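[1] Could you work out the structure for the sequence below:
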Amino acid sequence: VVKVEKMVVDHPERIAILDAGSQFSKVIDRRIRELNVQSELLAFNTPVSEIKSKFSGVIISGGPASVYADSAPKYDPELFNSGIPILGICYGMQLMNYIHGGKIEKHDHREDGQHIITVDPSSSLFKGMSEKQQVLLTHGDSIMTVADGFKATAKSEGGIISAIENPTKHLYGLQFHPEVDLTEHGKQMFKNFLVEVCKLKCNYTLDDREQRAIDYIRERVGEKKVLVLVSGGVDSSVCAALVAKAIGTERVVALHINNGFMRKDETAKVEKALGSLGLHLIVVDATEAFSQSTTEVLGKITPPLHITTHPEEKRKIIGDTFMHVARREIEKLGLKPEEVYLAQGTLRPDLIESSSKSVSHTADVIKTHHNDTDLVRLLRNSGRVVEPLQDYHKDEVRELGKMLGLAEHLVWRQPFPGPGLAIRILCTEKPYMDDSFKVTNSIIRYVVHGENYLNVYKDQIADGSLITLAPEAKRVADLISKHKNFDKIYPTLVPVQTVGVQGDGRSYNYLCALTSTERNWEDLFFLARLIPKVCHNINRVVFVFGEPVMGVLTQVTTTRLTQDVVSQLQEADDLVNEILIQNDLIRKLSQVPVVLFPASFGIEGGRSVAIRTFITNDFMTGVPAVPKEHIEEKVVDDMVNAVQKVKGISRVAYDLTSKPPGIFSSFVCLFNFIFFLKLTLFFICYQVLLNGNKVLL
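    Residues are numbered from 1 along each chain as shown. Now for the predicted structure:
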């Protein structure tokens, strides 16, 4: 078996990132390359001999394990004695302290969310920075005793050690995440490590990486032709242009497969856009083939695509069918599969979120990508897949596209997944209501309304549709409601499962809908961050426009990937994108997926649409656009009014969820430490209720 070689260039300044299982490892990688330094993600147990000969420094990522646990990831014990400058983040810092004799224990207080820490500006990591820094902390284990030879260089508000260093051994550690946007000056901390500690010049540019990708393509394919699977999105278009530059347009076979889930009039737009690049586009309408296709998942054959409602089955069917159709088209063109390479616009976040072993050895699967299925991995292992963008993030791909001469409108198109609108349709046959449904509905309503809960929802409690909370839980929940008055906001569970990211993995959990008599966006976003923290079986919170929903939602409309359903979303998606273009928001808003979900809100046969605005620098973490701050409220209203006119749409929702959910923003941090202790007590009571404790019920 011949595996695809990674694209390698002998650049004198390189940083190794040892992956301890963090979903943010690629974000670390992105931050380092923003500072013009080449980086490479390596297995945590990579031998020091391989690192020392090639790299100028090492960054150890965070991870979900405890350093003292038997399951802790293994590493070369010579690492910390190698003399290589090392920056340990979260798990990396704790490991650094632990193996040098320091004490690590699970603290009685977790630190989650944004916090203000006090740093020592004399430390090389904090050079040129003020003493007070806003950072993102997410940990339960903490340093209790600093190892000999180290000193603490930062502490949190609660007195917990947030940074350590041993300058003599070039070892530095941070308990927080400098790689995410929520750490305000994290990029400067990385720069200080690279320049002040590693003594790098930071002269690795995007031009270097373009040539690296071109060399990789030429070396891999030789004199053979390359089939570029073009969806028309930014990634596949840049991939096609890059391959054409590397080997010439005459050896590029550009194939566009219409799977039936494209945006409205997408195929015609794709053909026109790529034709302007001098590439002849072969268009294949495979709508019916995809609709009837099945595949194998865990040894079992799935139902056909137009029948299955499982999100991962949909992705697998589309991904595998895509590859089978491509192989068939190659045969039609008289090209032998062994003489043709497949080129894909797979990006680094695609691979890390698919838990691809080529870039991450320990990360959990967050989502399965259509261009990273088991079948594609087999092709990759046999050396038949070319992925020249595997070292790029989305914003870098846009820059590369401009360098290659692609038109502005093509480069700045909204990101669109290869499986198309299929994965933006929540399919179901029946309402999702497990044993926690009633209790969770009661909890979220009590969190919002406190003592007024019984008055607001007395009709529902009387008819037994809600559970009356025990006095012990009520008293604790009251502590929350005293800090904020949400008397005009009404939360309710929607009986569907949505896909989200919680912690370091993917989850299928409840959707919480907020309705209101008036829109107070600050309160709505506060609750959107609070509710997933309290109720871990909720991974997404939306604001639903229209009249307040007072009752309990128990009905949904059967939804599958049939043509009428797809057409419904195509129309809504097109309307939203037209308004975004009219208001010049395509660049400002990184991504705006439009999602169809089966909530009828009391209208027979109705479905609803969610608009998810997304602002991000790395396309792995991000926040929704806040109306009146990031986007004019009138624009939001225009989108809602337009979508509401689509036939069969009951309600329109605005997604309030960050990625990952439940990360507190700055206004939440205004609540003091005592508030979070009270919230923790409330959550304990909630868990007892959820597990069916008869005493409290």
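[2] gap between the nearest residue to residue 635 once chain neighbours are set aside and residue 524?
    Excluding its sequence neighbours, the residue lying closest to residue 635 (CB to CB, 6 or more residues apart in numbering) is residue 583, at 5.1 Å. (Each C-beta comes from the backbone N, C-alpha and C, glycine too.) The gap separating residue 583 from residue 524 is 22 Å, by CB to CB, to the nearest Å.
[3] Who has more neighbours out of the two?
    Neighbour count, other CB atoms under 10 Å: between residue 583 and residue 524, residue 524 has more, with 20 against 16.
[4] Is it correct that that one is in contact with residue 514?
    Yes. Here residue 524 reaches residue 514: they are 5.8 Å apart, a contact under CB atoms under 8 Å.
[5] between the two, what contacts are shared?
    Common contacts of residue 524 and residue 514, defined by CB atoms under 8 Å, 6 or more residues apart in numbering, comprise 489, 543, 656.
[6] out of those, which is most surrounded?
    residue 656 leads the shared contacts of residue 524 and residue 514 on contacts (other CB under 10 Å) with 25 neighbours.
[7] pLDDT below threshold where in the stretch 401-550 of the chain?
    Along the stretch 401-550 of the chain, segments meeting pLDDT under 70 span 451-485, 500-507.
[8] ranges for the strands of it?
    For the stretch 401-550 of the chain, strands defined by DSSP state E, counting those that start in this stretch occupy the ranges 489-502, 505-516, 538-544.
[9] remind me, longest strand of the chain?
    In the chain, with assignment by DSSP state E, the single longest strand is strand 103-119.
[10] centre of the chain versus that one, how much separation?
    Chain-centre distance of strand 103-119: 24 Å, with CA atoms, centre = their mean, to the nearest Å.
[11] cool, and stretch 319-330?
    For stretch 319-330, the distance to the chain centre is 28 Å (CA atoms, centre = their mean).
[12] Over to stretch 414-432?
    A distance of 16 Å separates the centroid of the chain from that of stretch 414-432, by CA atoms, centre = their mean.
[13] Between its first and last residues, how far does that stretch reach?
    In stretch 414-432, first residue to last residue: 32 Å (CA to CA, to the nearest Å).
[14] Help me confirm that residue 32 comes into contact with residue 59.
    Yes. Taking contacts as CB under 8 Å, residue 32 lies within contact range of residue 59: 7.4 Å.
[15] Identify the contacts common to the two.
    Common neighbours of residue 32 and residue 59, counting by CB under 8 Å, 6+ apart, are 15, 17, 39.
[16] Give me the phi and psi for the last one.
    Looking back up the chat, that one is residue 39. phi -140, psi 160 (degrees, to the nearest 10).
[17] need the contact list for it.
    Residue 39 makes contact with 14-17, 28-29, 32-33, 59 under the criterion CB under 8 Å, 6+ apart.
[18] Same question for residue 656.
    If you count contacts by CB under 8 Å, 6+ apart, residue 656 has them with 514, 524-525, 527-528, 541-543, 624.
[19] show me the residues around the closest residue to it other than its chain neighbours that make contact.
    Distances taken as CB to CB, 6+ apart place residue 528 nearest to residue 656, at 3.5 Å, with adjacent residues excluded. When contacts are counted by CB under 8 Å, 6+ apart, residue 528 touches 514, 541, 656-658.
[20] so where is the stretch 251-400 of the chain shaky, pLDDT-wise?
    348-380.
[21] where along it do the strands fall?
    With DSSP E, counting those that start in this stretch as the criterion, the stretch 251-400 of the chain has strands spanning 252-258, 281-285, 296-297, 300-301, 340-343, 385-386.
[22] Can you name the residues in contact with stretch 282-298?
    Applying CB under 8 Å, 6+ apart, the contact partners of stretch 282-298 are 253-261, 267, 271, 301-306, 312-313, 316-318, 320-321, 324-325, 329, 333, 561.
[23] list the buried ones in that stretch?
    For stretch 282-298, the neighbour count (16 or more other CB atoms under 10 Å) marks 282, 284, 286-287, 289-291, 293-295, 297 as buried.
[24] again with stretch 298-311
    Within stretch 298-311, the residues that count as buried by 16+ other CB under 10 Å are 302, 305-309, 311.
[25] what ranges do the helices span in the stretch 551-697 of the chain?
    Remark: helices assigned in the stretch 551-697 of the chain by DSSP state H, counting those that start in this stretch are 563-582, 633-644, 673-690.
[26] quick one on the thing from earlier: ok, the buried residues of stretch 282-298 vs residue 110, which is closest?
    residue 297 (36.3 Å; CB to CB).
[27] Spit out the contact partners of residue 123.
    When contacts are counted by CB under 8 Å, 6+ apart, residue 123 is found next to 153-154, 163, 165, 172.
[28] what number of residues lie near residue 152?
    For residue 152, the count of nearby residues is 17 (other CB under 10 Å).
[29] what do you get for the one 4 residues further on?
    Residue crowding around residue 156 was assessed by other CB under 10 Å; the count is 20.
[30] my guess is it contacts residue 114, does it?
    No. Using CB under 8 Å, residue 156 is not in contact with residue 114; the gap is 11.1 Å.
[31] which neighbours do these two share?
    Residues touching both residue 156 and residue 114 by CB under 8 Å, 6+ apart: residue 137.
[32] that older thread, now go through the buried residues of stretch 282-298 and say which are in helices.
    287, 289-291 (DSSP state H).
[33] Quickly name whichever of those residues is closest to residue 182.
    If you rank those by distance to residue 182 using CB to CB, residue 290 comes first, at 39.5 Å.
[34] Now that closest one: closest residue in space, sequence neighbours ignored.
    Nearest residue to residue 290, sequence neighbours excluded (CB to CB, 6+ apart): residue 259, at 4.6 Å.
[35] Would you confirm that that neighbour contacts residue 423?
    No. Counting by CB under 8 Å, residue 423 is not a contact partner of residue 259; they are 11.2 Å apart.
[36] What helices and strands are in contact with whichever helix or strand residue 192 is part of?
    In this assignment (DSSP states H and E), residue 192 forms part of helix 186-192. Counting contacts by 3 or more CB pairs under 8 Å, 6 or more residues apart in numbering; DSSP states H and E, helix 186-192 packs against helix 25-34.
[37] Show me what the helix it packs on is packed against.
    strand 14-19, strand 38-43, helix 186-192, helix 348-353.
[38] how about stretch 557-567: buried residues?
    So, applying 16+ other CB under 10 Å, buried residues of stretch 557-567: 557, 559-561, 565-566.
[39] what about that stretch, how long is it end to end?
    End-to-end distance for stretch 557-567: 16 Å, by CA to CA.
[40] what's next to that stretch, contact-wise?
    By CB under 8 Å, 6+ apart, the residues outside stretch 557-567 that reach it are 260-261, 291, 305-309, 314, 421-422, 425-430, 596-600, 605-607.
[41] 6 Å instead, please
    Under the criterion CB atoms under 6 Å, 6 or more residues apart in numbering, residues 305-306, 422, 427-429, 598, 600, 605, 607 lie in contact with stretch 557-567.
[42] of all the residues you listed, which two lie farthest apart?
    Across the contacts of stretch 557-567, the longest distance by CB to CB is 23.6 Å; it joins 305 and 600.
[43] Turn the helices and strands packed on helix 25-34 into CSV, including distance to residue 68.
    Below are the helices and strands packed on helix 25-34 laid out as CSV (distance: least, CB to CB, whole Å):
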stretch, distance to residue 68
strand 14-19, 19
strand 38-43, 22
helix 186-192, 27
helix 348-353, 27
